[in-house]
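Trainee: Test case, fold it:
(one chain, ligands or ions: 1)
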Amino acid sequence: MNANEFSIDRRGLIVSGAAATLAAALPASALGASARRFPAGFRWGASTAGHQIEGNNTNSDLWLVENLSPTIYKERSGDTCDSYHRWRQDIALLKAIGLNSYRMSIEWARIEPSPGQFSIAEIDHYKRVIGDLRAAGIEPVITFFHVAAPRWFAERGGWLNPESPDLFANYCDKAARALGDGIGIACTINEPQVGLTFRAIPMAAAYFKAQDERAKAIMAEAARRSGSERFVTMDYPDIVGMTPQLMAAHEKGFAAIKAALPKVPTGVTLNLVDFAKANEGSRTEDLQKLAYGGWMEVVKRSGDFVGVQTYTQMLIPGAGAKLPPPPPLPDPEPSDPRDSGKQPVALRNTVEYAYRQTGKPVFVTENGFQTDNDARRAWYIPRVLAELHKAIEGGVPVMGYMHWSLIDNFEWLQGYGPKFGLASVDRTTFKRTLKPSAAVYRQIVRANAV
Ligand code: BGC
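Mentor: Take a look at the predicted model:
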């Protein structure tokens, strides 16, 4: 790979070795006298999303798109981890790690299978999950929309439909009232700006041009199959057109959830890439403004917190300037250059940025490390938490940290290839097995210190 090469997908981005290197210092003794303590009551958790782990979300828009041929999805979600039936096994994993919080999503496509028809049975299902979490002493952090929508919603134009904010707010109202304050924390929409953010990166333009062409053809085919005028999922290539509705949907959803559950902290979760200066001419502020600006204003108006989800640091060169050669890797291991965008400091930078921009408490609703080599995840966890601790020490109110992900799961367009889990899942028996990195995380959680 040369300096400007990178691979990118809808959910993430991997910068080449030349663009960045892994952070240097090993955190000092985690649990000795010098241990960095987290605030009392800090939320330690893991994160998942319904469509990625439940299985058979057959009434969702993505189910149709995944099952087209050709499709933009490498694989179909299918049974995924069967968490729809095996949530107790997931709770057992959370308990084994000693976590006090769990971020999961409820699936709109199940709860409102056709417009205005709300399923009591599906609400009861999620009530049981929430009840079991509570009984295990785990606070449920509930996302109302995590990428997948009901198929009928996509057939009505998805987030391009001017009525979409009201449709979403109505679902939020019904679901929040039915689920009640078993919900500990609510997240309205997961990463509504991720498409905008990645399209703001100049080096990603060619990738998205090709990707958007493919998505356009697939959406046309989905519309034809469903007999609708258009079929608009989150993969639809007009994220600019969708953004005003997504913003209004968050604001109206926020208001609906707060009206139903005034005590439940509620916010939106944003995918923040740490745009870092590669050299003096670099104008990262402009890029941040383009990528996040509008959403920071929305959070200021409507949000008890800002959800931060960070996976990547990206060095941005100034105009015409070449990226500097990569400094040698500080640690002999892990040394896979493809992971070099995964600087632990990236999370600290984005957490500080989100707080500076919004003045709201920050909740790390996702952060993780994609790798087949769990030793690399075990390497990453203490380092990223040491960086997060620096942000807290510097005065940022951080509500908690949700590691993505509890279990290996369906990674959207990339299918089951990329692994983020603290536990693996056997694809035929659904057996969950904790990985060694979970033990590293558990030690930190137990001590409330790194
Ligand atoms: C998304 C998750 C996804 C993760 C890793 C985040 O952007 O919210 O659904 O699996 O990144 O790619």
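
Trainee: residue contacts, Arg225?
Mentor: 64, 68 (Cβ atoms under 8 Å, 6 or more residues apart in numbering). Where you see a C-beta, it was placed from the backbone N, CA and C, and this is true even at glycine.

Trainee: Give me the three-state assignment for it.
Mentor: Secondary structure, DSSP: H, G, I helix; E, B strand; the rest coil: Arg225 is helix.

Trainee: Surely Ala278 touches Ala319?
Mentor: No. Counting by Cβ atoms under 8 Å, Ala278 does not reach Ala319; the two are 11.6 Å apart.

Trainee: Compare the two (neighbour count), which wins?
Mentor: Counted by other Cβ atoms under 10 Å, Ala278 and Ala319 do not tie: Ala278 has more neighbours, with 20 against 8.

Trainee: Spatially, what comes nearest to that one if we skip its sequence neighbours?
Mentor: Leu315 (3.9 Å; Cβ to Cβ, 6 or more residues apart in numbering).

Trainee: Tell me, how many residues neighbour that neighbour?
Mentor: A total of 24 residues lie near Leu315 under the criterion other Cβ under 10 Å.

Trainee: Thought Ala276 was touching it, still the case?
Mentor: Yes. The pair Leu315 / Ala276 is scored as a contact, 5.3 Å apart, by Cβ under 8 Å.

Trainee: Just to be sure, Gly45 is in a strand?
Mentor: Yes. Remark: Gly45 belongs to a strand, assigned using three-state DSSP.

Trainee: Close to the ligand: what parts of the stretch 101-250 of the chain are there?
Mentor: Residues of the stretch 101-250 of the chain that fall close to the ligand, judged by Cβ under 6 Å from any ligand atom: 190-191, 194.

Trainee: Kindly present those residues as TSV, with separate columns for distance to Leu160 and pLDDT.
Mentor: Shown next, in TSV, are those (distance: Cβ to Cβ, whole Å; pLDDT from 0 to 100):
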residue	distance to Leu160	pLDDT
Asn190	19	98
Glu191	18	98
Val194	17	96
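
Trainee: Which ones among these lie within helices?
Mentor: Val194 (DSSP state H).

Trainee: Gly195: neighbour count?
Mentor: 23.

Trainee: returning to that earlier point: by neighbours, which of the residues of the stretch 101-250 of the chain next to the ligand wins?
Mentor: Of those, with other Cβ under 10 Å as the count, Asn190 tops at 25 neighbours.

Trainee: In contact with that one, which residues?
Mentor: 49, 105, 143, 145-147, 269.

Trainee: In helices, which of those appear?
Mentor: Using DSSP H, none of the contacts of Asn190 sit in helices.

Trainee: Of those residues, which is the nearest to the ligand?
Mentor: The ligand lies nearest to Ala49 out of those, by Cβ to the nearest ligand atom, at 5.0 Å.

Trainee: What is the burial count for that closest one?
Mentor: Residues contacting Ala49 under the criterion other Cβ under 10 Å number 24.

Trainee: Apart from its chain neighbours, what residue comes closest to it?
Mentor: Ala49 sits nearest to His146 (Cβ to Cβ, 6+ apart), 3.9 Å away.

Trainee: all strands for the stretch 301-450 of the chain, in order.
Mentor: Using DSSP state E, counting those that start in this stretch, the strands found in the stretch 301-450 of the chain span residues 305-310, 313-316, 362-367, 398-404, 423-425, 432-434.

Trainee: Compute the number of surrounding residues for Ser161.
Mentor: Residue 161: Asn, not Ser. Counted with other Cβ under 10 Å, residues neighbouring Asn161 total 18.

Trainee: one step back: per-residue confidence at the residue nearest to Ala49?
Mentor: In this model, His146 is scored at 98, pLDDT.

Trainee: ok, the closest residue to Ala149 other than its chain neighbours to the ligand distance?
Mentor: Once flanking residues are discounted, Ala149 sits nearest to Asp61: 4.9 Å by Cβ to Cβ, 6+ apart. Distance, Asp61 to the ligand, by Cβ to the nearest ligand atom, to the nearest Å: 15 Å.

Trainee: Now do the contacts for Asp61.
Mentor: With Cβ under 8 Å, 6+ apart, Asp61 has these contacts: 109, 148-151, 153-154, 158, 222, 231, 233.

Trainee: hmm, which helix or strand of this protein has the shakiest average pLDDT?
Mentor: Ranked by mean pLDDT, DSSP states H and E, the weakest helix or strand in the chain is strand 12-15, scoring a mean of 34.

Trainee: CA atoms only: put stretch 64-81 into PDB for me.
Mentor: Output in PDB follows, covering the C-alpha atoms of stretch 64-81 (Å, rounded to 0.1, in the frame of the first residue of the first chain):
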ATOM      1  CA  LEU A  64     -35.000  -7.500   1.000                       C
ATOM      2  CA  VAL A  65     -31.800  -5.800  -0.200                       C
ATOM      3  CA  GLU A  66     -29.500  -8.500   1.300                       C
ATOM      4  CA  ASN A  67     -31.600 -11.100  -0.500                       C
ATOM      5  CA  LEU A  68     -31.400  -9.600  -4.000                       C
ATOM      6  CA  SER A  69     -29.100 -11.000  -6.500                       C
ATOM      7  CA  PRO A  70     -26.800  -9.200  -7.200                       C
ATOM      8  CA  THR A  71     -26.700  -7.300  -3.900                       C
ATOM      9  CA  ILE A  72     -24.300  -4.900  -2.300                       C
ATOM     10  CA  TYR A  73     -24.100  -7.200   0.700                       C
ATOM     11  CA  LYS A  74     -21.300  -9.700   0.900                       C
ATOM     12  CA  GLU A  75     -23.500 -12.100   2.800                       C
ATOM     13  CA  ARG A  76     -27.100 -12.200   4.100                       C
ATOM     14  CA  SER A  77     -27.700 -11.600   7.800                       C
ATOM     15  CA  GLY A  78     -29.800 -14.800   8.100                       C
ATOM     16  CA  ASP A  79     -29.900 -16.200  11.600                       C
ATOM     17  CA  THR A  80     -26.900 -14.000  12.700                       C
ATOM     18  CA  CYS A  81     -26.300 -15.000  16.400                       C
END
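
Trainee: What's the local residue count around Ala121?
Mentor: Ala121: 8 neighbours (other Cβ under 10 Å).

Trainee: Need phi/psi at Ser114.
Mentor: Torsion angles at Ser114 (phi, psi; degrees, to the nearest 10) stand at phi -140, psi 160.
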